[in-house]
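Asks: Got a predicted structure here, sequence first:
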Amino acid sequence: MDELTSTTGIVAIAGCAVALAALGVAVAAVVSLRRIRRDQRAVLGDYGEHDLVTHAAGLEREFRSLHAFMEDAAQRLHERMGSAEERLDGAISHSALVRYDAYGEMTGHQSTSIALLDAQRNGVVLSSIMHRDAGRLYAKQVRAGEGHVVALSPEEAEAVRLALEGDDEPAPDG
């Protein structure tokens, strides 16, 4: 017991305390290193030869490749959308039907004019003129909302006007 209270004994006890503290720090460092390696494997996968910088560079390359692919896909979609819009502009987007009595005969408004126009106000007006003993069908071309080659009748002009306004069929005159 005398040896523990001597200078040599105190230095030995202090050395053991320092050794135990160093052992505790070493165990904490090993646990921390294992945790870091586990997290690194979660990010990098099981590629032990790669480090975080190499992995980040690979992610950057893949991101740039994905970005280029998305830019290309967006450009192709933009072109297809433009083509579809051009085709839709030529489709019938305005229509209206007007019924009337072409000969003033009280036949129940059997004559009709229908306007079928696209977004540029171009298209056709079809008129079916009914008489007691005959019926006729007329087609007239429309450009910019007006008769192109042959002038429109008042009923045909009304059908064009209603088509462009988007109104429903008006009440028949009578």
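Replies: Cool, got the structure. For clarity, every value in this text was computed on a predicted model and none was experimentally measured. Numbering: from 1, shown residues only.
Asks: Surely Leu137 forms part of a strand?
Replies: Yes: counting by DSSP: H, G, I helix; E, B strand; the rest coil, Leu137 is found in a strand.
Asks: from now on call the first residue 364
Replies: Done: numbering now begins at 364, and the last item shifts to Leu500.
Asks: Show me what it bridges to in the sheet.
Replies: Ser491 (DSSP bridges).
Asks: same question, Leu480
Replies: His457, Gly486.
Asks: Could you pull up phi and psi at Val505?
Replies: Note on Val505: backbone dihedrals following degrees, to the nearest 10 are phi -120, psi 130.
Asks: mind listing what it touches?
Replies: Residues in contact with Val505, defined by CB atoms under 8 Å, 6 or more residues apart in numbering, are 478, 480, 484-488, 511, 515, 523. From N, CA and C alone the C-beta is placed, and that goes for glycine too.
Asks: Flag whichever of those residues scores worst on pLDDT.
Replies: Among these, His511 has the lowest pLDDT, at 81.
Asks: count of residues packed around it?
Replies: His511: 14 surrounding residues under other CB atoms under 10 Å.
Asks: ditto for Met493
Replies: Look at Met493: counted by other CB under 10 Å, it has 19 neighbours.
Asks: Thought His472 was touching it, still the case?
Replies: No: counting by CB atoms under 8 Å, Met493 does not reach His472; the two are 9.3 Å apart.
Asks: So which residues of the protein form helices?
Replies: Taking DSSP state H as the criterion, the chain contains helices spanning 365-368, 370-407, 415-452, 517-528.
Asks: For the first one, name the packing helices and strands.
Replies: Counting contacts by 3 or more CB pairs under 8 Å, 6 or more residues apart in numbering; DSSP states H and E, helix 365-368 is packed against helix 370-407.
Asks: Show me what the helix it packs on is packed up against.
Replies: Going by 3+ CB pairs under 8 Å, 6+ apart, helix 370-407 lies up against helix 365-368, helix 415-452.
Asks: Low-confidence stretches in the protein?
Replies: 364-365, 408-413, 468-470, 530-537 (pLDDT under 70).
Asks: Which residue ranges make up the domains of it?
Replies: 365-449, 457-528 (automatic domain parsing).
Asks: Show me which of those has the highest average neighbour count.
Replies: domain 457-528 (a mean of 16; mean count of other CB atoms under 10 Å).
Asks: roughly how far is that domain from the heart of the chain?
Replies: On the basis of CA atoms, centre = their mean, to the nearest Å, domain 457-528 is displaced by 39 Å from the centre of the chain it belongs to.
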